[in-house]
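Asker: sequence? don't have it. structure:
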């Protein structure tokens, strides 16, 4: 599974298990606690299923697997026959309801960080084969529900640059890309007071920067002065 999240402020989990839909609850407007719980639920629900091999006890998730895709639903539904389904598998059914009892048990499953599946797949027997003490792996352990909060700060998750929206790397390494991203806004190097895209700096200096020195076109002058004063001089 290739896991990607966008920038830190507006991060969004994206992977091949994604469910694009979210439910709305008007009661959250009046209750901050419910609003927080809804926020956590929406982050988790963007993942349709959870990899069983990331669980501290992979066998513990067997009871809750979707009867169609045989994966662990992050948001579990029940059909008219009482079968457990993930959101994706229940999408085309006419009648399903959330199974709150099973949902609480799934939320409480102990798991390793989902970033362990970002760059290197774990084995079917779990992630014990991975060196989780190595600096290249996130050592976070918590519940599936708690991961929604962790993912917004995990340094090992792959995120998309919020400036160019193209470059991807682990969050901990994004600062190096930011130093050279062509779509990042930076202060004018001549300190004219404007912010310009790094890729447009040369154009800005050549055509717009008021602090850029310009040479008078008069053959008898050839004086150099800033663009802000050029019209007055001419």
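Answerer: Yes, it's here. The model shown is predicted, which means the values in this text are computed figures rather than measured ones.

Asker: Now residue 187: closest residue in space that isn't a chain neighbour?
Answerer: residue 195 (6.0 Å; Cβ to Cβ, 6 or more residues apart in numbering). Heads up, the C-betas are built off the backbone N, CA and C, glycines and all.

Asker: what ranges of the protein fall below the confidence cut-off?
Answerer: Scanning the chain for pLDDT under 70 picks out 1-46, 118-135, 234.

Asker: From residue 162, how far off is the residue nearest to residue 69 when sequence neighbours are not counted?
Answerer: Spatial nearest neighbour of residue 69, chain neighbours left out: residue 89 (5.5 Å); criterion: Cβ to Cβ, 6+ apart. Counting by Cβ to Cβ, to the nearest Å, the separation of residue 89 from residue 162 is 33 Å.

Asker: Those two - which one has more neighbours?
Answerer: Neighbour comparison, residue 89 and residue 162: the larger count goes to residue 89, with 22 against 17 (by other Cβ atoms under 10 Å).

Asker: got the contact list for the more buried one?
Answerer: Residue 89 makes contact with 66, 67, 68, 69 under the criterion Cβ atoms under 8 Å, 6 or more residues apart in numbering.

Asker: Might one say that the second one is in contact with residue 82?
Answerer: No. Using Cβ atoms under 8 Å, residue 67 and residue 82 do not qualify as a contacting pair, with a distance of 9.7 Å.

Asker: out of those two, which sits in the busier spot?
Answerer: With neighbours defined as other Cβ under 10 Å, residue 67 and residue 82 compare such that residue 67 has more, 13 against 8.

Asker: what about that one, which SS state?
Answerer: Here residue 67 takes the coil state, with states given by DSSP: H, G, I helix; E, B strand; the rest coil.

Asker: residues touching residue 113, list them.
Answerer: Residue 113 touches 54, 138, 139, 140, 141, 147, 150, 154, 156, 157, counting by Cβ under 8 Å, 6+ apart.

Asker: I should have written residue 109 there, sorry.
Answerer: So residue 109 contacts 50, 55, 60, 61, 64, 72, 143, 144 (Cβ under 8 Å, 6+ apart).

Asker: quick one: which of those residues is most hemmed in?
Answerer: Neighbour max across those (other Cβ under 10 Å) = residue 72, 27 neighbours.

Asker: can you pull up the bridge partners for that one?
Answerer: Following DSSP bridges, residue 72 is listed with bridge partners residue 50.

Asker: Now do the contacts for it.
Answerer: Applying Cβ under 8 Å, 6+ apart, one finds that residue 72 lies in contact with 49, 50, 51, 52, 55, 61, 64, 65, 66, 106, 109.

Asker: re the thing from before, run a quick neighbour tally on the residue nearest to residue 187.
Answerer: By other Cβ under 10 Å, 10 other residues sit near residue 195.

Asker: Quick one: neighbours of the closest residue in space to residue 223 that isn't next to it in sequence, just the number.
Answerer: The shortest distance from residue 223 to any non-neighbouring residue, by Cβ to Cβ, 6+ apart, is to residue 216 (4.6 Å). By other Cβ under 10 Å, the residues close to residue 216 number 14.
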